[in-house]
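Visitor: Provide a 3D model corresponding to the input given below.
(chains A and B)
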Amino acid sequence: MPANHSAILKRQNAWAISFLLSFVLVIAVGLTSANAAGALRVGVQLEPPNLDPTSGAAAAIDEIVYANVFEGLTRINEDGTVAPALASAWTVSDDGLIYQFTLREDVRFHDGSGFDADDVAFTFNRARAPDSANAQRTVFENIKRVEALSADIVEFELIEPLGAFTTYLGWGDAVIVAPESAATNASAPVGTGPFQFERWRKGASVTLKRSDNYWGEPAKLDQLVFTFIPDPTAAFAALMAGDVDGFPNYPAAENLALLQNDDRFKTLFGTSEGEMLVAINNSKAPFDDLRIRKALNHAIEKQAVIDAALFGFGTPIGSHFPPHHPAYVDLSAHYPFDPDKARQLLADAGYPDGFKTTLSLPPPAYARRGGEVVAAQLEAIGVDVTIRTIEWAQWLDQVFANKAFDLTIVSHTEPLDIDIYARSDYYFQYRNDAFKRVIAELQRENNPTRRQSLLQTAQTILANDAVNVFLASSPKIGVWAKDVTGVWANAPVQANDFTNADVIGRAPLSAQNTATRPWPMMTIALLSIVGLLSFAAFYVRASPVFLLGRTVSMIFSLVVASIVVFLLLEVAPGDPAAFMMGLNADPASVAAVRAELGLDQPALARYFNWIGGLTSGDFGTSYTYRVPVAELIAERIWISLPLALMAFALSTLIGIPAGLFAAAHRKKARGRIMMGAAQASVAIPNFWLAILLVMMFATTFRWFSAGGFPGWDAGASAALKALLLPAIALAVPQAAILTQIMRSSVIDTLHDDYIRTARAKGLSFNDALRKHALRNALIPTLTILGLQFAFLLAGGVIIENVFYLPGLGRLVFQSIVQRDLIVVKSVVIILVFAVIIVAFLVDLAYAIADPRLRDRGER
Amino acid sequence: MTNTSTIDGNAATPRASFIAGSVIVSTVVLLAILSFFWTPHDPTAFDVAARFSPPSFTHWMGANHLGRDVFSMIMVGARVSIAVALVAVGIGVGIGAPLGLVAASRGGIIDDAIMRGGDLIFAFPALIVAILITAIFGPGAINAIIAIGIFNIPVFARLTRGSALPLWNRNYVLAARTAGKNRAQISLEHILPNIMHLLVVQATVQFSLGILAEAGLSYVGLGAQPPTPSWGRMLAESQTMFSFAPWLVLFPGLVIFLFVFSMNLLGDGLRRRLDPRSEGVS
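Guide: So this is what the prediction gives:
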């Protein structure tokens, strides 16, 4: 009897393992992971309203197309200097009114049309026209005449001299557009830059590709994908999961420390044109009193604000000017932090007991966080501050437009914008004629040295007048994958020039441009199962009736499951074709897409199409990514499957010995402690355990990274290391269940007659346990193991989100958010099929291990 | 979800653990009820000054990134968790138990059909289907209830059928049959009262699983929607802040864990009281 059992057990173990392995292999066959090689995926916070920088004010437009798609006559370099671009040279008349530009001759637009002086004249006549939508129209209205003297010479005549004219020409608002494409640039921009527009997936991304007829040094990247990620938490997640290669402006400084300690990333701290300030309503009492404004300046400790609001990432400033500019004067210590002096100034101004005021805070984290510190510091000198948190729309309306505010915190990001203080109607309500004269002189001045000293005078006037509390120059924080090079660290203009960007060590795009192979995955899977079954039938001589019954029942389950999933998606609201085409699509093209997707066919035909596709590995095309779903799944399953297997192994390795231990010592304290631990572990939400593991092992000890997946290319050990914490989080509650089952099962077995007989014959308790009970107790445990594998595969869905693993779970959630239901449907059906098939295999293994079941044909 | 009927219990001090479990469960339930009338702070208000306050006398469990009081949010969040799990168990008992009774009393094709249907539901990974349901019909507490409830039906159907079947051979049932009572009457008057204790014990198990499932769904954003506080979402929102505000991650998770753990202790205690035979196992 015991020998028999042991033989069965060995066979059963072998079977369980081989079934599992073949299942894994079957899925593995033909699935290759596709890498986004040669492409740089850039995360940006805001989606632009359109892609034409000459007809929109949004910085989000420039951040994508400036210098990449569109170029101007001049360009702004990373250090803020002006350099030739489409104009190779220029001359300025002595009175500063006539500019003559010599144009490059080898330039062509992306649509193949040539570039000449007429395009330049067209561009600026369009920009200065009365109906122009250009955000800098006021600048271009200063152009009296723009004329093409020849094909490659263009002449501007200005109304007033404008010292920074060539700088303005380097801005996004002054890029050169062609008459043929000007009208459609908003949705399909055509420029002269190193990248040409490829696709705009509304709400998701803009894709640019390298232009083949670029006049200059061609771009190194094949493709440039800008992905819109507004939420700071999502930005962190996207980085960790490798969904993007980096952020030129990383929005979540709070987890920068985590990223800096992660050797997959590098952080680039650059200068920006951003000045963060406490803006003061200069015309409103009591702020119209210089002593009050000085008091505020002495009361606020800039470094404290920088620490709280910018997590230390900032440089204190004392005027409205960025520290990296050659004309910068360091006035940051003009009003040293001195609360006593501040109180004295308040008293001098007639407010010895302070006054009441409100601080309006727009939504960005720097404003909300900084506002807290500013308010506390003003309270310290006796000013009673009420914090008012408002939305951007409210800020623009109440603060910016209607000047209905006392104090506010905001960052001004435009380059060289000190001239806003010369505008009496600007929201600071600062009026100083001396300052206005300096700015007027500056705008006429062409001499660089003179300009510099005028800029310095302007800075000093603002500091002396304590117009605002100038807090800090906020750095541009770029976070990039280690292998990204050639990206701008600084932001002299609100743009991201990727002309020289590259990703080192990634294969060129052409190498991975393999056609989708519609691998007949399911067919292979089914064939292997049939093969295995026949072999199993031969090997254990299981009754064919039993095998047939189980197989029929499995196929029935698969069919019903597919019908249920299909029907659920039938009743799903929304037309996939309409989703795909966006809100502005015309009905005819939506109908065309419907036909293309086969959505115009009757439900029954669609069901069979779907099933037919499934069996040949064709899951359809993703609505949002526009790539075959099979390809998306193939990439992801290489994470989800190993994760489930690892968790399964861990759960088994912990659960079975622990259960045995608890059974052997069931009457002793240690056995009870083991069961107590198991019961506690069952109650732990696995995603919480996952977060705790990250806190302990990634944040505190730094043994692991806080999430993400390096890819199998990085080597098996790195990949497995990334999966270890998630696997533990998944495995612990399951191991606890296994412990409990194993214990009951062993105890049950110990009550069986043959154990009593063995004990009666003098076998020690431990020997009886080891030689007889263990083996038999494992049999019922096997069922649970099978169910657990299925559960782990599905349960990974949540854990993958905790660790930002780009597996099936993350794919499902991204698809849900994007209403990409075809992907959701396919992933769900794959997981359901996997569960059903594993359950079936477990049934078989169970029957093999226990002949009584096999013969009866039922449990 | 494999741990339906196998939780074996902490054999150390059954009585003490039952009492401890009951006390904690009742406390959480009472706090949830209290939250309808009073919470220490408004759980949906912004309070800039209190942002990231560590636990203190004002904010017992600290405050989150919006200055919301964690303890108040946990109180209100308990409402959602308990309601979802409770209704989901209600669906399971309300539909599953009658199906099980019918299956046991009729046998044959009806029995087969009901039990095969149950097996089929078991074949679906519960979490995946819950995600599918919320993906299609939109996230929210109601859809979370449906998603969790569906999987409770076969659990109760199977348990009811399995425990009702042997009772049909008992003498008192035979007596009732000879007295001319029909199957439905016997099921309700004789079978159901005799298996009630099993259903109650199973209900506690499914309830605690429901709490975990709701937390998981709301963690991934498919449960109750903001600004309604929910335990799972509190964890999701604070996940990237644990390096400087660990209390935001610790307390909601601890509450879920304690509540589920206590519920399991309570269930074990109930099983021992209602079904003395189960004691024989250990």
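Visitor: only C-alpha atoms from now on, for both contacts and neighbour counts.
Guide: Fine.
Visitor: ok but residue A:305 is inside a strand, no?
Guide: No. Assessed by DSSP: H, G, I helix; E, B strand; the rest coil, residue A:305 does not belong to a strand; its assignment is helix.
Visitor: could you name the specific helix or strand carrying the nearest residue to it once chain neighbours are set aside?
Guide: Setting aside the residues directly before and after it, residue A:305 is nearest to residue A:370 in space (Cα to Cα, 6 or more residues apart in numbering or on different chains), at 5.4 Å. Per DSSP states H and E, residue A:370 falls inside helix A:365-380.
Visitor: C-terminal to the helix or strand where residue B:233 lies, what's the next element?
Guide: Per DSSP H and E: residue B:233 is located in helix B:231-238. Scanning forward in sequence from helix B:231-238 by DSSP H and E, the next helix or strand is helix B:247-274.
Visitor: list the buried residues for that following helix?
Guide: Across helix B:247-274, burial judged by 16 or more other Cα atoms under 10 Å in any protein chain shown covers B:247-253, B:256-272.
Visitor: for the helix holding residue A:370, name the packing helices and strands.
Guide: Counting contacts by 3 or more Cα pairs under 8 Å, 6 or more residues apart in numbering or on different chains; DSSP states H and E, helix A:365-380 packs against helix A:290-299, helix A:302-309, strand A:356-361, strand A:384-389, strand A:407-412.
Visitor: how about 10 Å then?
Guide: Judged by 3 or more Cα pairs under 10 Å, 6 or more residues apart in numbering or on different chains; DSSP states H and E, helix A:365-380 is in contact with strand A:275-280, helix A:290-299, helix A:302-309, helix A:339-348, strand A:356-361, strand A:384-389, strand A:407-412.
Visitor: partners of the fifth one in the sheet?
Guide: It stands for strand A:356-361. Paired with strand A:356-361 in the same sheet, following DSSP bridges, are strand A:384-389 (parallel), strand A:407-412 (parallel).
Visitor: over to the first one?
Guide: Taking DSSP bridges as the criterion, strand A:275-280 forms sheet pairs with strand A:407-412 (antiparallel), strand A:469-473 (antiparallel).
Visitor: when you check chain A, which of the buried residues of helix B:247-274 turn up near it?
Guide: Applying Cα under 10 Å from any Cα of the partner chain to the buried residues of helix B:247-274, one finds that B:249-250, B:252-253, B:256-265 fall near chain A.
Visitor: export the strands paired with strand A:275-280 to CSV and append columns for mean pLDDT and mean neighbour count.
Guide: Shown next, in CSV, are these (pLDDT from 0 to 100; neighbours: other Cα atoms under 10 Å in any protein chain shown):
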stretch, mean pLDDT, mean neighbour count
strand A:407-412, 90, 22
strand A:469-473, 93, 29
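Visitor: in the stretch 351-500 of chain A, which residue sits closest to chain B?
Guide: Chain B sits closest to residue A:372 of the stretch 351-500 of chain A, with a gap of 6.3 Å, by Cα to the nearest Cα.
Visitor: can you tell me how far the residue lying closest to residue A:297 once chain neighbours are set aside is from residue A:340?
Guide: Nearest residue to residue A:297, sequence neighbours excluded (Cα to Cα, 6+ apart): residue A:469, at 5.4 Å. Distance, residue A:469 to residue A:340, using Cα to Cα, to the nearest Å: 17 Å.
Visitor: same question for residue A:421.
Guide: As judged by Cα to Cα, residue A:421 and residue A:340 stand 29 Å apart.
Visitor: ok, these two, which is more surrounded?
Guide: residue A:421 (22 against 14; other Cα atoms under 10 Å in any protein chain shown).
Visitor: and the pLDDT at that one?
Guide: Predicted confidence (pLDDT) at residue A:421: the value is 92.
Visitor: pretty sure it is touching residue A:440, no?
Guide: No. The pair formed by residue A:421 and residue A:440 falls short of the contact definition of Cα atoms under 10 Å, at 11.6 Å.
Visitor: I'd assumed residue B:161 was in contact with residue B:97.
Guide: Yes. Residue B:97 is in contact with residue B:161 according to Cα under 10 Å; the separation is 8.0 Å.
Visitor: how many residues are close by residue A:760?
Guide: Look at residue A:760: counted by other Cα under 10 Å, it has 10 neighbours.
Visitor: could you pull up the residues touching it?
Guide: By Cα atoms under 10 Å, 6 or more residues apart in numbering or on different chains, the contact set of residue A:760 is residue A:754.
Visitor: same check on the one 3 residues further on?
Guide: Residues in contact with residue A:763 (Cα under 10 Å, 6+ apart) are A:755, A:756, A:757, A:769, A:771.
Visitor: quick one: which helix or strand includes the second one?
Guide: Using DSSP H and E, the secondary-structure element containing residue A:756 is helix A:753-760.
Visitor: identify each buried residue in that helix, please.
Guide: Buried, per 16+ other Cα under 10 Å, within helix A:753-760: A:754, A:755, A:756, A:758, A:759.
Visitor: give the next helix or strand downstream of that helix.
Guide: Next helix or strand after helix A:753-760 toward the C-terminus (DSSP H and E): helix A:765-768.
Visitor: show me what that following helix is packed against.
Guide: Applying 3+ Cα pairs under 10 Å, 6+ apart, one finds that helix A:765-768 contacts helix A:753-760.
Visitor: and the residue nearest to the spatial centre of chain B, what pLDDT?
Guide: Closest to where the C-alpha atoms of chain B average out (Cα atoms, centre = their mean) is residue B:207, at 1.7 Å. Per-residue confidence (pLDDT) for residue B:207: 92.
Visitor: how near is the nearest residue to it once chain neighbours are set aside to chain A?
Guide: Nearest residue to residue B:207 in three dimensions, chain neighbours excluded: residue B:85, at 5.4 Å (Cα to Cα, 6+ apart). Note on residue B:85: its distance to chain A, by Cα to the nearest Cα, to the nearest Å, is 15 Å.
Visitor: and the strands paired with strand A:275-280 as a markdown table, adding distance to residue A:250?
Guide: Shown next, in a markdown table, are the strands paired with strand A:275-280 (distance: least, Cα to Cα, whole Å):
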| stretch | distance to residue A:250 |
| --- | --- |
| strand A:407-412 | 16 |
| strand A:469-473 | 16 |
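Visitor: nearest to residue B:80, of those strands?
Guide: Closest to residue B:80 of the strands paired with strand A:275-280, according to Cα to Cα: strand A:407-412, at 37.9 Å.
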